[in-house]
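Here you go, sequence then predicted model.
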Amino acid sequence: MTPAIADIPFSVLDRSRTREGRPGPEALRDTVRFAREVERLGYHRFWVSEHHGVPGVAGSAPTVLAAAVAAATGRVRVGTGGVMLPNHQPLVVAEQFGVLESLFPGRIDMGLGRSVGFTDGVRRALGRDKGVAEDFEGQLAELLGWFRGTSPTGVHARPSDGLTVPPFVLAMGEGAAIAARAGLPMVIGDLRDPERMQRGIDQYRALFRPSEWASEPYVVVSGTIAVAASEEAARRLLIPEAWSMAYSRTHGTFPPLPPAERVEALRMTERERGFYESGLTGRLVGTEEQVTHELETVLKATGADEVLVTTSTYDRDALLDSYRRLARITRRHPSQPS
């Protein structure tokens, strides 16, 4: 049976995007302020991400940022979307989440990804290479073992040993099968390629093995959702991120978000225009009525258990308004339209 919009959790992933003319530290403070607003709007989780050496993203230490978010909020679950496990020793990751769970019991999530550094230079600085990600399944098993005290080394991860921190796998490519074999909840996106996403979901459900972490499959669908008073206003929210993505594909670096009007005035190359227009498609965009219909379609197709919203834009007021409108759609916040 297709879940109703009001019956499933909606959560938020904030990437601490930097904005033109504003310093990186401000983006981190914005993330903490945004988490408080998200909590007031009734969202279920607030997650932060991990990026290294990227001009457009300030969030490089997700467990540190998650601690600041958890300290500034009181109810919303806080976690990572995700910690890139190949960049770290599993013991250290276990210790970090053990500290978080000890300080904020019952509120911490451990979202885990298998990406490595964005460029060769970043990977060298991290002491990692692309081949490290090939052992993600082994790293994941080791990490979970630290929480269960099953390490064969005789070492114990303190204070993690015996604690329960819900783990999630960010499923890109092989990630769906890894999540299934480990019996863990899966986060999958994006909405721009629904057929590929559905194949991943189907594979995950077919291969899922019940575990002490999850008795049945749990699918979190992730993507960009923009809601505004008009479809045109909602689509303008996508412009800064779409241009940043296009620029990264054509120049090799991911820049801070620019104002939409500056992007609209640019003279793009044909290649830039192609990537830019691609970034404007495959999103859930429009008025509350339009997005409601699109969400119902996605939930019917995927049977998702939860939706993780990842929208970024230059105008923070417009971004917050979008999340307010989405909260009304999901019946989590009964305030009047702004």
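Arrived safely. Numbering: from 1, shown residues only.

Every contact and neighbour count from this point should use C-alpha atoms.
Will do.

Just the buried positions in whichever strand or helix holds Arg33, please.
Using DSSP states H and E, Arg33 sits within helix 24-40. For helix 24-40, the neighbour count (16 or more other CA atoms under 10 Å) marks 24, 27-28, 30-32, 34-39 as buried.

and which of these is nearest Ile329?
Val38 (14.6 Å; CA to CA).

Model confidence for the closest one, exactly?
According to the prediction, Val38 has pLDDT 97.

Check Val48 too.
pLDDT, Val48: 98.

How about residues contacting the helix holding Arg33?
The contact list for helix 24-40 (CA atoms under 8 Å, 6 or more residues apart in numbering) reads 12, 14, 16-19, 46, 57-59, 65, 68-69, 72-73, 75-76, 320, 323.

now the helices for the stretch 201-338 of the chain?
Per DSSP state H, counting those that start in this stretch, the stretch 201-338 of the chain carries helices over the ranges 231-236, 239-251, 260-264, 270-279, 288-302, 316-329.

how about CSV for the ones you listed, with mean pLDDT and mean neighbour count added?
Shown next, in CSV, are those (pLDDT from 0 to 100; neighbours: other CA atoms under 10 Å):
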stretch, mean pLDDT, mean neighbour count
helix 231-236, 96, 17
helix 239-251, 95, 21
helix 260-264, 96, 14
helix 270-279, 95, 16
helix 288-302, 94, 16
helix 316-329, 96, 20
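
Dump those to TSV, plus distance to Ile188.
Formatted as TSV, the helices of the stretch 201-338 of the chain follow (distance: least, CA to CA, whole Å):
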stretch	distance to Ile188
helix 231-236	23
helix 239-251	19
helix 260-264	28
helix 270-279	18
helix 288-302	11
helix 316-329	20
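
now for the ones you listed, which one comes closest to Val92?
Here helix 239-251 is closest among these (CA to CA), at 31.2 Å.

where's the residue lying closest to Arg236 once chain neighbours are set aside relative to Ala318, distance?
Counting by CA to CA, 6 or more residues apart in numbering, Ala260 is the residue found nearest to Arg236 once chain neighbours are left out, at 6.7 Å. Applying CA to CA, to the nearest Å, the value for Ala260 to Ala318 is 12 Å.

Report the set of residues contacting both of the two.
With CA under 8 Å, 6+ apart, Ala260 and Ala318 have common neighbours Leu237.

one step back: you'd agree the residue nearest to Arg236 is up against Ala234?
No: contact criterion CA atoms under 8 Å: Ala260 and Ala234 do not qualify, at 11.8 Å.

which residues in the stretch 51-200 of the chain form helices?
62-72, 90-103, 120-126, 136-148, 175-182, 194-207.

next one: phi and psi at the closest residue to Arg15 other than its chain neighbours?
Spatial nearest neighbour of Arg15, excluding adjacent residues (CA to CA, 6+ apart): Ser49 at 5.4 Å. Per-residue torsions, Ser49: phi -120, psi 170 (degrees, to the nearest 10).
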